[in-house]
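Trainee: What follows is a predicted structure for the sequence shown.
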Amino acid sequence: MMNRPLVSVIMGVYNEKNREQLELSIDSILSQTLEELEFIICDDGSEPLCRRMLEEICARDERIRLYFHEENQGLAAALNTCLSHAKGEYVARMDGDDISKPERLRRQWEYLENHPAYALVGCSSELIDERGVWGKRELIPYPEKEDFLFGSPFMHPTIMVRRAVLDRLGGYCTEDFALRTEDYELFMRLYELGERGHNMPELLFSYREDRSSYTRRKYRYRLREFQVRRRGFARLGIDAGNKRYILKPLIVGLIPGWLMKIYKKKKAGKLS
């Protein structure tokens, strides 16, 4: 293994029971055309069977380094553990049920190398389920502060970011108010620093999302997102006159699930 990899890929895993999906996800990183990488995975207090399965999969490649939390601490804490061991100049995210296309990391690394004004790069994504590709999610190419009013303009598992910027941010926020919205909170803090991000239009990622289901978030998580929005918008200076966007998660939580299914399906579109 090289002394200093170009990219550190970080993944938090908790009770991932689908071995096939987990293997596909991990293999998609190990088969990247950019080979100068390290893959750091933190098991966040999984059940013994899930932990042993992860250990078996990770033992196949020396580029993987596996760490453990004895108790579940949440994704932000797991990713911070990964960051504490990362050696790369760039940090890329990955989740245990998604798939990175072979060129993803090389294309993102080349972009950041050639565009020093940008701290972060994401990409558009296919939407997949057990039957294959069923839609796509295309993102704003060059998000501005105001785009955070509508939600996160980046897909968390698709990003690559400069390690130096993550160090300035102090990593992910582990406070209770940011639980389940740690990515949204992080991206707003990044923009608060004056940094910017770009979403590549290429479909370099496959994001696993069931086409027929819509899981309603517990209302306490919507309350937390409300807090993240209120704090983040104020710090970005975009809160004035935008109370409706601060209240959005609370309002959406009252919309019937069947109606949200229709909205999500329309938003995802169809691939020909």
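Mentor: Perfect, I can see it now.

Trainee: Could you use CA atoms for every contact and neighbour count after this?
Mentor: Fine.

Trainee: same question for the longest helix seen in the chain, mean pLDDT?
Mentor: Taking DSSP state H as the criterion, the chain has its longest helix at helix 219-236. For helix 219-236, the mean per-residue pLDDT is 93.

Trainee: swap in stretch 122-133?
Mentor: In this model, stretch 122-133 has an average pLDDT of 95.

Trainee: buried ones in that stretch?
Mentor: For stretch 122-133, burial by neighbour count (16 or more other C-alpha atoms under 10 Å) applies to Gly122, Cys123, Ser124, Ser125, Glu126, Leu127, Ile128, Asp129, Val133.

Trainee: In the stretch 101-250 of the chain, what residue spans correspond to strands?
Mentor: Ranges of strands in the stretch 101-250 of the chain, per DSSP state E, counting those that start in this stretch, are 120-129, 132-137, 160-162, 197-208.

Trainee: For Glu23, what is the enclosing helix or strand?
Mentor: Glu23 belongs to helix 19-30 when assigned by DSSP states H and E.

Trainee: just checking, next helix/strand downstream of that helix?
Mentor: strand 37-44.

Trainee: Name the nearest residue to Trp201, ignoring sequence neighbours.
Mentor: Let me fix one detail, which is that residue 201 is Pro and not Trp. Once flanking residues are discounted, Pro201 sits nearest to Ser124: 5.4 Å by C-alpha to C-alpha, 6 or more residues apart in numbering.

Trainee: residues contacting that neighbour?
Mentor: Counting by C-alpha atoms under 8 Å, 6 or more residues apart in numbering, Ser124 touches Lys136, Arg137, Glu138, Leu139, Asn199, Met200, Pro201, Glu202, Leu203, Leu204, Phe205.

Trainee: so which of the strands of the stretch 101-250 of the chain comes closest to Lys145?
Mentor: In terms of C-alpha to C-alpha, the element of the strands of the stretch 101-250 of the chain nearest to Lys145 is strand 197-208, at 10.5 Å.

Trainee: re the thing from before, give the buried residues for the helix holding Glu23.
Mentor: For helix 19-30, burial by neighbour count (16+ other C-alpha under 10 Å) applies to Gln21, Leu22, Glu23, Leu24, Ser25, Ile26, Asp27, Ser28, Ile29, Leu30.

Trainee: Go through the residues you listed and name the one nearest Arg230.
Mentor: Ser25 (34.5 Å).

Trainee: What sits closest to the closest one if chain neighbours are left out?
Mentor: Ile99 (4.9 Å).

Trainee: And that neighbour, what's its pLDDT?
Mentor: 98.

Trainee: burial count for it?
Mentor: 28 (other C-alpha atoms under 10 Å).

Trainee: same thing with Glu209?
Mentor: 18.

Trainee: Against Ile29, how distant is it?
Mentor: Using C-alpha to C-alpha, to the nearest Å, Glu209 is found at 19 Å from Ile29.

Trainee: ok, back up a step: just how off-centre is the longest helix of the chain within its chain?
Mentor: How far helix 219-236 lies from its chain's middle: 18 Å, per C-alpha atoms, centre = their mean, to the nearest Å.

Trainee: swap in stretch 194-205?
Mentor: In terms of C-alpha atoms, centre = their mean, the centre of stretch 194-205 is found 12 Å from the chain centre.

Trainee: quick one: contacts for Phe154?
Mentor: By C-alpha under 8 Å, 6+ apart, Phe154 lies in contact with Gly122, Cys123, Leu139, Asn199.

Trainee: farthest pair in those?
Mentor: Taking C-alpha to C-alpha, no two of the contacts of Phe154 sit farther apart than Gly122 and Leu139, at 8.8 Å.

Trainee: coming back round to it: Throw the strands of the stretch 101-250 of the chain into CSV and include distance to Glu144, thanks.
Mentor: Formatted as CSV, the strands of the stretch 101-250 of the chain follow (distance: least, C-alpha to C-alpha, whole Å):
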stretch, distance to Glu144
strand 120-129, 13
strand 132-137, 18
strand 160-162, 17
strand 197-208, 9
